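Take a look and give me a structure for this.
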Amino acid sequence: MIVRKGKPEDLSAVFDLVMELAIYEKAPHEVANSVERMTEDGFGEKPVFEFFVAEVDDQILGTAIFYYRYSTWKGKAIYLEDLVVSESARGKGYGKLLLDAIVMEAKATNSKQVRWQVLDWNEPAINFYKKLGADLDGEWINCTLSEEQIQDYQTD
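Below is the predicted model:
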């Protein structure tokens, strides 16, 4: 098993993992992304995300998708958008190896934090993160404007 930086040709398998996650979270209808859009967004003129893959015998079984953000209080940080291991491969340490890769990336880029979210009902993930010593903060409320809300936004 290897963990390595993702390449454009990995995105089809990565998108399958994203869909697997969406199904697990009971929200596949929320996915409006595509392999083509991910290719542009990850490898186009202005890439906005990077990713690692966990690969066994040339099969991608997990991914950690991340991007850089900026905290005015802390400085440069990594935001872990998704950490997904295929259901058939869970419990074998691949998630830990992917998170290790993210932490090593944070160290290598002098990032001051690694942040992510977890659904409050996802007990297996919560337990995994607690076991790793992560701080789970219930104080902050997530705010989102959807694509439609952005389009309809009034500035006056």
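
tell me which residues of the lengthiest strand in the chain are tucked away?
For the chain, the strand with the greatest residue count under DSSP state E is strand 59-71. Within strand 59-71, the residues that qualify as buried are 60-67, counting by 16 or more other Cβ atoms under 10 Å. From N, CA and C alone the C-beta is placed, and that goes for glycine too.

from those, which single one is nearest Ile78?
Phe66 (5.3 Å; Cβ to Cβ).

that older thread, relative to the whole chain's centre, how far out is the longest strand of the chain?
4 Å (Cα atoms, centre = their mean, to the nearest Å).

tell me which strands and helices that strand is in contact with?
Here strand 59-71 touches helix 11-24, strand 50-56, strand 75-85, helix 94-108, going by 3 or more Cβ pairs under 8 Å, 6 or more residues apart in numbering; DSSP states H and E.

Might one say that Glu105 is in contact with Leu80?
No. Using Cβ atoms under 8 Å, Glu105 makes no contact with Leu80, being 9.9 Å away.

what residue ranges in the protein score low on pLDDT?
Within the chain, no range satisfies pLDDT under 70.

can you pull up the bridge partners for the spatially most central residue of it?
Taking Cα atoms, centre = their mean, the centroid of the chain lies closest to Asp82, which sits 2.0 Å from it. Beta bridges link Asp82 to Ile65 when assigned by DSSP bridges.
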